[in-house]
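Asks: below are the sequence and a predicted model; questions follow.
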Amino acid sequence: MDRIKELIETSREVIKDCQVENGAIVAANSDKEYYPENVSNYRFVWPRDAAFVIYAEKLLGMEELENEFIEWLHDRAEGFSDSGLIFHRYATNGPRDTDFGHQYQPDQAAALLWSILETHEELNEKMSETVHLLADGLWSQWHQDHFHQDTHDLWEERAAYHDKKENFTYTLAACSKSLFMAAERFDEEKWRKTAEEMQARLNQHGEEYYYRSYGEVSDESIDASVLGLVWPFNIVEKDKMLENSINMVEENLMNINGVMRYEGDMYDGIIHHTEHLDKGAGAWPLLSFWHVIALSKMGERDRAEALFHDQIEKIDGDYIPEQIFEDDREGIEPLAWSHAMFVIAADELGYLETED
C-alpha cells in the first residue's frame, strides 16, 4: 500500500507539471529536471493523452485542468475551432507539428468527446460547443463504412487507406462509442446514424478475435489497443470474440515487464546523435494498467489484482516511464498517460478510495 500511495502522489505531481502556462497539456514536460537526456522530446500536445490525463485528474480530486485545456483547444489548436478535426500532435503555442501534423487520428477527437461526456452530467456553453465541434468533425469525415481520408492509428505508425475502405478497430470503437454518447446527450440523429454505421463496420472486424484493422486490405495481427473495446469504448458484446482478443494480448504481447503494443514493435524513444535508436520496444506500463482495467471489467478480478501489483514492482523509480526494457536502457520518464492509466487502474481496484 505504501508503494501505491507513493505513485499516487507522484501522479499528482506529473499531471500538474504537464499543464503549461497557456493551458496546453503536454505528454511529458521535458523542461523538468527529472526528464532524462537523450530521449524524444514529448513536450507536445496529444489530445488523446490529454483526455485520459483529465479523466485521471478528476479521479484524484485535483484542481481542474480541463477548462484551461478546452480554452487552449479553441484558441490555439490549429484549425480546430473551424473544423472540429484533431490531428497527430500540436506545439504548445498551437500549430500542428511540422513533421507529423498531417496525420488524421479520429480516435483523439473521440477520446476527448468521451472524457467530457463521461464526467459531466451538465455541460456549460463552452463544453457544449466543444462537443458539437468534435462530433461534427467525426461525422463530416465518415462515409457509410470508412473515413473520407486516410487515418492513422493511436501508435501513429500505420495508415488505414480510405480507398481500401480500411479502418482501425480501436478507432471505430472510440468514434462509435463517443458519437452514441453525444447523440444521446443532444438527441442528434446524424451523429447516431454515423455511430450505427461505424458500429456495424466494427462488427465485421474479425472472426475469432478483433483484427488490428479491417477493409479490402486487413491487418489481422493482435494489437494491445483492443483493450479499449472493453474500456472505455465498450461498444461490442462481451462475448467469446472479445474474450479471445483480451487473452491474445496476454499470450502474444506480454513479456516479463508487462504488455507491449504489438508484435515486432521497435520504437524505444531513445535518441543518439540525432537519430532514434529503435533497438526494440519494451513493455508499456500504460498498457499493463489498461489490461488491469479490462480484466476487472471482464470479471477477472484476481488476474487484474495480480497484474496490477506485478507491474508496480517493475517500476523502479519515483515516476512511471513510457516503456520498461528487458536490458539496461532508460527511456522516456515520466509519461503523463502512464501515470493517468495507473490512477484509473487504482481507482478500478478500489485503491483511490483507500487513499482518501
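Replies: Sure thing, it's come through.

Asks: rest of the way, CA atoms for contacts and neighbours
Replies: Noted.

Asks: what about stretch 65-76, average pLDDT?
Replies: Stretch 65-76 comes out with an average pLDDT of 96.

Asks: in it, which residues are buried?
Replies: Neighbour counts using 16 or more other Cα atoms under 10 Å place 65, 66, 68, 69, 70, 71, 72, 73, 74, 76 of stretch 65-76 among the buried residues.

Asks: wait, isn't the last one in contact with residue 96?
Replies: What it means is residue 76. No. Contact criterion Cα atoms under 8 Å: residue 76 and residue 96 do not qualify, at 10.0 Å.

Asks: residues touching residue 169, list them.
Replies: 202, 205, 210, 211, 212, 213, 214, 226 (Cα atoms under 8 Å, 6 or more residues apart in numbering).

Asks: show me the buried residues of stretch 65-76 that map onto helices.
Replies: Among those, the ones falling in helices (DSSP state H) are 66, 68, 69, 70, 71, 72, 73, 74.

Asks: report the contact partners of the second one.
Replies: Neighbour list for residue 68: 22, 23, 24 [criterion: Cα under 8 Å, 6+ apart].

Asks: what about the strands in the stretch 151-300 of the chain?
Replies: Assigned by DSSP state E, counting those that start in this stretch, the stretch 151-300 of the chain shows strands spanning 151-152, 159-160, 167-168, 213-214, 254-255, 258-259, 271-272, 275-276.

Asks: from those, which stretch is densest packed?
Replies: strand 167-168 (a mean of 30; mean count of other Cα atoms under 10 Å).

Asks: contacts for it, please.
Replies: Outside of strand 167-168, the residues within contact range by Cα under 8 Å, 6+ apart are 146, 147, 151, 153, 160, 161, 212, 213, 214, 215.

Asks: who does the fifth one bridge with?
Replies: Using DSSP bridges, the bridge partners assigned to residue 160 are residue 151.

Asks: I figured it hits residue 166, correct?
Replies: Yes. Using Cα under 8 Å, residue 160 is in contact with residue 166, at 5.2 Å.

Asks: tell me, what's touching these two both at once?
Replies: Counting by Cα under 8 Å, 6+ apart, the shared contacts of residue 160 and residue 166 are residue 213.

Asks: in stretch 47-62, what counts as buried?
Replies: 47-57, 59-60.

Asks: so residue 249 touches residue 221, yeah?
Replies: No. Contact status for residue 249 versus residue 221: not in contact, 10.4 Å apart, counting by Cα under 8 Å.

Asks: how about low-confidence regions in this structure?
Replies: Counting by pLDDT under 70, the chain has low-confidence residues at 354-356.

Asks: so in it, which helix runs the longest?
Replies: The chain, longest helix under DSSP H: helix 169-186.

Asks: residues of that helix that come out buried?
Replies: Under 16+ other Cα under 10 Å, the buried positions of helix 169-186 are 169-183.

Asks: follow-up on the earlier one: which one of the strands of the stretch 151-300 of the chain lies closest to residue 32?
Replies: strand 271-272 (18.1 Å; Cα to Cα).

Asks: what's in contact with the closest one?
Replies: For strand 271-272, contacts defined as Cα under 8 Å, 6+ apart pick out 38, 39, 40, 277.

Asks: give me every residue that touches the second one.
Replies: In other words, residue 39. 269, 270, 271, 331, 332.

Asks: dump those residues to CSV, plus distance to residue 287.
Replies: Putting the contacts of residue 39 into CSV (distance: Cα to Cα, whole Å) gives the following:
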residue, distance to residue 287
269, 16
270, 19
271, 23
331, 16
332, 15
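
Asks: before we move on, the earlier item: export the contacts of residue 169 to TSV and tack on distance to residue 316?
Replies: Putting the contacts of residue 169 into TSV (distance: Cα to Cα, whole Å) gives the following:
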residue	distance to residue 316
202	39
205	38
210	34
211	34
212	32
213	35
214	39
226	28
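
Asks: with that, I have no additional questions.
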